[in-house]
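Colleague: this one's sequence-less:
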């Protein structure tokens, strides 16, 4: 505990000023909340007399795309509708029971939905109800069927499956990680609060995107790391490595966004944002996205690498700094290899429709990778991977320096025997120099975690052989339990 307090004081001398500076920058960049002139029409806003209703599909038919007749409406009400196989264009209709009650209505399904996914009995859908507006326009008491449908499919209702998945995710995380998993979930909520209340409004108001992303990401990492993993030297070491990785990622993202001319002009959403305000910079949004996208993986590798250094040190406290760094980096290199694949495949999965379209163009590979459709994903992968790879050795070095700065030697603790990792661990090459045929090795000869564990086991057996046997039966039993 004394060693950890000392390590925390060393790290606090660096992290406290850095945290205060970050909070001051966050206060200076905090958006005003003024969105005057920044309005965007809600695509789900209905005209007077038009409503968005929900219901459950009872029957799906494919029939002619001619206007509904009185017989169709009657069939929809009594549930005896049959598919019309007459000539002309064919459309898919879903007879849907409204959630608010009433007779089933005939909802026309969009052709793209009918071809790609389709609808089936039991699906919950949201549809546009034009019946009252049509009745008011014609002055009739019933909806007019003069060439346009009265009920149009809008979207599926996904509330239930998403809630079930969220509950299952929370239960699994808490069941496996327990209180730490619960704290991680709460920290995730806090991270999204920073994203929604600080970073997104700041981008809309035209705040500097690089500072906005760097400050917001640092605040998120400070909160998430300490809240999920607690205040400790390990967490502080991981935080320093994460901040270093964020800095490298931010610089590379700023350079790549400008050098590669990432303007986002090929995106419909980007074009919409450009047209509503002159303060919104699409390049700035892309830059901010490049930084945010690597936060989770960066946090993962730094906290893992910090924990690896501490575990190795506690197993062999007298290991030299060079050997400790080398052993930890062997773990880090494995982590680098697996995580680089993780980033690449995650981005490839998100951009799969674009990849298929580009493949069908039959363009050369180099031209496809540098095209407007794929260049952003390629640069996001490369920038995030470089920051990730460089953060691992830096985190490892900081962790080694911190554990060595504590200066604790387990042999100096009162009433305790020499622990594994000291200069008197068994060395097979010197067999016979120590009682029982075992000999000593130095911690510098220990190259990895498996060797450390083996040395610890041999040292424990040696202590059991060389210690004098207890004088009493109770003492011998206690020794056997130990």
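Modeller: Right, received. Where do you want to start? Bear in mind the structure is a predicted one, so any value in this text is a computation, not a measurement. Residues are numbered from 1 along each chain as shown.
Colleague: avg pLDDT for stretch 192-204?
Modeller: Mean per-residue pLDDT for stretch 192-204: 89.
Colleague: Now do the end-to-end distance for it.
Modeller: 17 Å (Cα to Cα, to the nearest Å).
Colleague: Could you pull out the buried residues of it?
Modeller: 194, 198-204 (16 or more other Cβ atoms under 10 Å). (Glycine included, C-beta is placed from N, CA and C.)
Colleague: outside of it, which residues touch it?
Modeller: By Cβ atoms under 8 Å, 6 or more residues apart in numbering, the residues outside stretch 192-204 that reach it are 26, 29-31, 33, 35, 38, 209, 212-213, 216, 219-220, 223, 277, 279-281, 284-285, 288, 292.
Colleague: which of those count as buried?
Modeller: By 16+ other Cβ under 10 Å, these give 26, 29, 31, 209, 212-213, 216, 219-220, 223, 277, 280-281, 284-285, 288, 292 as buried.
Colleague: which among the buried residues of stretch 192-204 gets closest to residue 316?
Modeller: residue 194 (40.0 Å; Cβ to Cβ).
Colleague: The strand or helix carrying the closest one: how far from the chain's middle?
Modeller: Assigned by DSSP states H and E, residue 194 belongs to helix 159-194. Chain-centre distance of helix 159-194: 12 Å, with Cα atoms, centre = their mean, to the nearest Å.
Colleague: Please apply the same query to stretch 155-165.
Modeller: 20 Å.
Colleague: Pull the residues that contact it.
Modeller: 54, 123-126.
Colleague: State the number of residues packed around residue 121.
Modeller: Each residue near residue 121 was counted by other Cβ atoms under 10 Å, and the total is 11.
Colleague: nope, residue 149 is what I meant
Modeller: Residue 149 has 22 nearby residues by other Cβ under 10 Å.
Colleague: and it, what pLDDT?
Modeller: So, for residue 149, pLDDT stands at 78.
Colleague: So it sits against residue 109, correct?
Modeller: No: counting by Cβ atoms under 8 Å, residue 149 stays clear of residue 109, with 10.2 Å between them.
Colleague: mind checking how far the residue nearest in space to the middle of the chain is from residue 190?
Modeller: In the chain, the residue lying closest to the centroid (Cα atoms, centre = their mean) is residue 296, at 4.9 Å. To residue 190, residue 296 is 14 Å away according to Cβ to Cβ, to the nearest Å.
Colleague: got it, and residue 24?
Modeller: Applying Cβ to Cβ to residue 24 and residue 190 gives a distance of 20 Å.
Colleague: Comparing those two, which shows the higher neighbour count?
Modeller: Between residue 24 and residue 190, residue 190 has the larger neighbour count (other Cβ under 10 Å), namely 14 against 11.
Colleague: Compute the distance between the more buried one and residue 303, please.
Modeller: Distance of residue 190 to residue 303, given as Cβ to Cβ: 17 Å.
Colleague: same question, residue 347
Modeller: Computed as Cβ to Cβ, the residue 347 to residue 303 distance reads 22 Å.
Colleague: Tell me which of the two has more neighbours.
Modeller: Neighbour count, other Cβ under 10 Å: between residue 347 and residue 303, residue 303 has more, with 22 against 18.
Colleague: Once you drop chain neighbours, what's closest to the more buried one?
Modeller: Once flanking residues are discounted, residue 303 sits nearest to residue 238: 4.2 Å by Cβ to Cβ, 6 or more residues apart in numbering.
Colleague: residues near that neighbour, how many?
Modeller: Residue 238: 28 surrounding residues under other Cβ under 10 Å.
Colleague: So what's the gap between whichever strand in the chain runs longest and the chain middle?
Modeller: Longest strand of the chain, by residue count under DSSP state E: strand 51-64. Centroid separation between strand 51-64 and its chain, computed with Cα atoms, centre = their mean, is 37 Å.
Colleague: Now do the contacts for the residue nearest to residue 303.
Modeller: With contact set as Cβ under 8 Å, 6+ apart, residue 238 has these partners: 225, 229, 299, 302-303, 305-307, 395.
Colleague: mind checking the SS state of it?
Modeller: Recorded secondary structure, residue 238: helix (DSSP: H, G, I helix; E, B strand; the rest coil).
Colleague: which stretch of helix or strand covers residue 102?
Modeller: Here residue 102 is assigned to no helix or strand, by DSSP H and E.
Colleague: neighbours of it, just the number please.
Modeller: By other Cβ under 10 Å, 11 other residues sit near residue 102.
Colleague: how about the strands in this structure?
Modeller: Ranges of strands in the chain, per DSSP E, are 51-64, 90-98, 105-108, 124-129, 151-156, 425-426, 440-441.
Colleague: Look up how far residue 252 lies from residue 263.
Modeller: 18 Å.
Colleague: more crowded one of the two?
Modeller: residue 252 (19 against 16).
Colleague: you'd agree the more buried one is up against residue 386?
Modeller: Yes: counting by Cβ under 8 Å, residue 386 is a contact partner of residue 252 at 5.9 Å.
Colleague: For the stretch 201-350 of the chain, give me the ranges with low pLDDT.
Modeller: 264-268, 271 (pLDDT under 70).
Colleague: where does the stretch 1-150 of the chain dip in pLDDT?
Modeller: 1-4, 35-47, 66-88, 134-147.
Colleague: Residue 343: neighbour count?
Modeller: Neighbours of residue 343 (other Cβ under 10 Å): 20.
Colleague: wait, it sits on residue 386?
Modeller: No: with contact defined as Cβ under 8 Å, residue 343 does not count as touching residue 386 (10.6 Å).
Colleague: rewinding a little: buried residues, the longest strand of the chain. List them.
Modeller: Going by neighbour count (16+ other Cβ under 10 Å), the buried part of strand 51-64 is 53-57, 59-61, 63.
Colleague: Tell me the one of these nearest residue 95?
Modeller: Nearest to residue 95 among these, with distances taken as Cβ to Cβ, is residue 59, at 4.3 Å.
Colleague: Who does that closest one form a beta bridge with?
Modeller: Counting by DSSP bridges, residue 59 forms beta bridges with residue 95.
Colleague: correct me, but it touches residue 94?
Modeller: Yes: using Cβ under 8 Å, residue 59 is in contact with residue 94, at 7.3 Å.
Colleague: ok so, going back, now the contacts of stretch 155-165 in JSON lines, with distance to residue 325?
Modeller: Shown next, in JSON lines, are those (distance: Cβ to Cβ, whole Å):
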{"residue": "54", "distance to residue 325": "60"}
{"residue": "123", "distance to residue 325": "57"}
{"residue": "124", "distance to residue 325": "57"}
{"residue": "125", "distance to residue 325": "59"}
{"residue": "126", "distance to residue 325": "58"}
